[in-house]
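Chemist: let's see this in three dimensions:
(one chain, ligands or ions: 1)
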Amino acid sequence: MSSSILPAASSVLVVCAHPDDESFGLGAVLTAFAEQGARTSVLCFTRGEASTLHVTDDDLATVRSLEFAKAAAVLGVSRTELLGYPDGQLSDQPLSELTAHVVRMANEVAADLLLVLDEGGITGHPDHERATQIAMTAATPRGVPVLAWVIADGVAETLNHEFSAKFMGRSDDQLDFRISVDRTIQGEAIACHESQSSSNPVLRRRLELSGDLEPLRWLIPVAPLPSTTA
Ligand SMILES: [Zn+2]
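Modeler: Predicted structure coming up:
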């Protein structure tokens, strides 16, 4: 059975591929962690220049970098790092090099929980899957728990039907948490990513279908406390 209470964490590090993943996907969960007192940080590997959603003639990498900074401020993120790996080609970059960024930043912010998109990448985007793989590779030898934001299978099925999309959902028995969230701040952060959100019916519909619930699952759970029995 899934819990409705977020796990305890004092420093949450988001590891994601694109500027907007932290808001469109993880914004409400990030806000929930901040509300319970956690410090939050975001490491993003690309500047999102390959997006097909262009509403500007300006350099998209520059536009999206500025949008990312604004959204992070709205979300109350205390530390961000936006790297310049090529959007759409994260899988071609060396895993050890990518992982080293996560290890370094996790040490700097003393992260005790990594927050990522679900395995499968939610939308099936290979960069999303790669970002989660990088986080797992960094966390596994260090025993840092990794929590994944997921979407419910019913929401995925509806989106796939209505938009011919490839969302990958999870069934109830695959969830560890289903928390109630307030999407007010997430909405403000989404609006900061104007180039990607001003005309994005799939995003609107996903938020509508998800309501105030966010499903989560452990990819690496918190290690159990050692037994104290003699
Ligand atoms: Zn993305």
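Chemist: can you pull the buried residues of the one helix or strand Glu188 maps to?
Modeler: Take DSSP states H and E as the rule and Glu188 turns out to sit in helix 184-192. Taking 16 or more other CB atoms under 10 Å as the basis for neighbour counts, the residues of helix 184-192 that come out buried are 185-186, 188-190, 192. Quick note: C-beta positions are derived from backbone N, CA and C, even for glycine.
Chemist: after it comes which helix or strand?
Modeler: For helix 184-192, the succeeding helix or strand toward the C-terminus, using DSSP H and E, is helix 194-197.
Chemist: just the mean pLDDT for that next one, thanks.
Modeler: Averaging pLDDT along helix 194-197 yields 93.
Chemist: what's the answer for stretch 222-230, then?
Modeler: 71.
Chemist: what segments of the chain are helices?
Modeler: 27-35, 60-75, 95-108, 121-124, 126-139, 153-163, 184-192, 194-197, 201-210 (DSSP state H).
Chemist: okay if I get the buried residues of helix 184-192 as CSV plus distance to Val146?
Modeler: Output for the buried residues of helix 184-192, formatted as CSV (distance: CB to CB, whole Å):
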residue, distance to Val146
Ile185, 23
Gln186, 21
Glu188, 27
Ala189, 22
Ile190, 24
Cys192, 26
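Chemist: looking at those residues, spot the one nearest the ion.
Modeler: Closest approach between the buried residues of helix 184-192 and the ion, by CB to the ion: Ile190, at 12.9 Å.
Chemist: what about that closest one, distance to Ser197?
Modeler: Counting by CB to CB, to the nearest Å, the gap between Ile190 and Ser197 amounts to 5 Å.
Chemist: Val74 contacts Gly187, correct?
Modeler: No: under the criterion of CB atoms under 8 Å, Val74 makes no contact with Gly187, lying 9.5 Å away.
Chemist: what parts of the protein come near the ion?
Modeler: Contact residues, the chain versus the ion (CB under 5 Å from the ion): 18, 21.
Chemist: over to the residue in the chain that the ion sits nearest to: give its phi and psi.
Modeler: Minimum separation of the chain from the ion (CB to the ion) falls at His18, amounting to 3.5 Å. In this entry, His18 is assigned phi and psi values of phi -130, psi 150 (degrees, to the nearest 10).
Chemist: roughly how far does it sit from Leu83?
Modeler: Using CB to CB, one obtains 11 Å as the distance from His18 to Leu83.
Chemist: next, show the common contact partners of these two.
Modeler: Taking CB atoms under 8 Å, 6 or more residues apart in numbering as the contact rule, His18 and Leu83 both touch 44, 46.
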